[in-house]
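Undergrad: Structure for the following, please:
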Amino acid sequence: MDRPGYAEMFLTPERSWIQGEPSRVTPTWAYACDGTGDWGCPSSTLTVLQVTCDGCMVTDSPVGVSDRGGVEFHATATTDGPVTIGAQIRFDPTGEIATVTASTVGDHETGIEGRCRLIDTATLAQRNLGSAVPGELFRDCSTPRHASDSVVLFPALRTFHGNARFPVCVTSTLCGGFDGDRLRPASAVSIDPAPTGWGQSDEIEPAEFAILPAMPAGGTVTLNAQLSPTGTATAEVEIPAIQ
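TA: Prediction:
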């Protein structure tokens, strides 16, 4: 109980950092008994002594800051390549010093796209759109579209490294993105003609889908997006006619 555990560094999000979006960095160090349920585990703090950021920029320096177990601060990527962040920290109860590092990759958004899918209208109407809709209920738009089908569109922002993301709050309760993504308002993405509603599937992102108006003769749907860190993008998706 009187010895420190492992010194570690945690990044949120872990898989990549979008340029212009602050990401969380948390160096941690606590007694080995911390988090084990041992009520007698002593309290411990760490202090950040130094920070390095390769391929990134620290936005709120934690140097000199002390806190119990870990100190949270933020950094942003400045490259589309490797990002490595390190911190020298002191375990205050014993004075021991350690250096912790963590790595990710920088990225930026390059465009928007939309995946067209079909779902039985009656089935969709029966679903509580506050909960995820099973992915197996959807069909690809390359299959025949029936009069009983609704057309939905899964929009996604595409990044330089080929990742798909949708960090947008389309309603007050429906927000995409991973933990740590900087969420944006619905106005960051526009769809014409405007959706009649939104839902979410249980598939891997992008999970949010827009419910399109009837469009029995098919046509073109246009998507526009504000990209991070800068720029805009436009894409068109062809909607099949009812057969």
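Undergrad: okay, CA-based contacts and neighbour counts for the rest of this
TA: Will do.
Undergrad: and Met9, what is it in contact with?
TA: 25-28, 100-102 (Cα atoms under 8 Å, 6 or more residues apart in numbering).
Undergrad: er, Arg182 actually
TA: Neighbouring residues of Arg182 by Cα under 8 Å, 6+ apart: 21-22, 167.
Undergrad: Quickly note the distance from it to Glu21.
TA: Distance, Arg182 to Glu21, using Cα to Cα, to the nearest Å: 6 Å.
Undergrad: Which ones among the contacts of Met9 lie within strands?
TA: The members of those that map onto strands under DSSP state E are 25-28, 100-102.
Undergrad: Quick check: beta-bridge partners of the nearest residue to Ile211 once chain neighbours are set aside?
TA: In space, and not counting its chain neighbours, Ile211 is closest to Val152: 4.6 Å by Cα to Cα, 6 or more residues apart in numbering. Beta-bridge pairing for Val152 (DSSP bridges): Arg117, Ile211.
Undergrad: Next one, pLDDT for Val152 please.
TA: We have a pLDDT of 97 for Val152.
Undergrad: How about the contacts made by it?
TA: 116-119, 209-212.
Undergrad: And those residues, which is closest to Cys175?
TA: Phe209 (11.2 Å; Cα to Cα).
Undergrad: what number of residues lie near Ala125?
TA: Using other Cα atoms under 10 Å, Ala125 is surrounded by 10 other residues.
Undergrad: Show me which residues of the host helix or strand of it are buried.
TA: Per DSSP states H and E: Ala125 is located in helix 121-126. The neighbour-count check on helix 121-126 (16 or more other Cα atoms under 10 Å) flags Leu124 as buried.
Undergrad: which other residues reach the following helix or strand past that helix?
TA: Using DSSP H and E, the helix or strand that follows helix 121-126 in sequence is strand 139-140. Applying Cα under 8 Å, 6+ apart, the external contacts of strand 139-140 come out as 116-119.
Undergrad: just the buried members of those residues?
TA: Buried members of the contacts of strand 139-140, counted by 16+ other Cα under 10 Å: 116-119.
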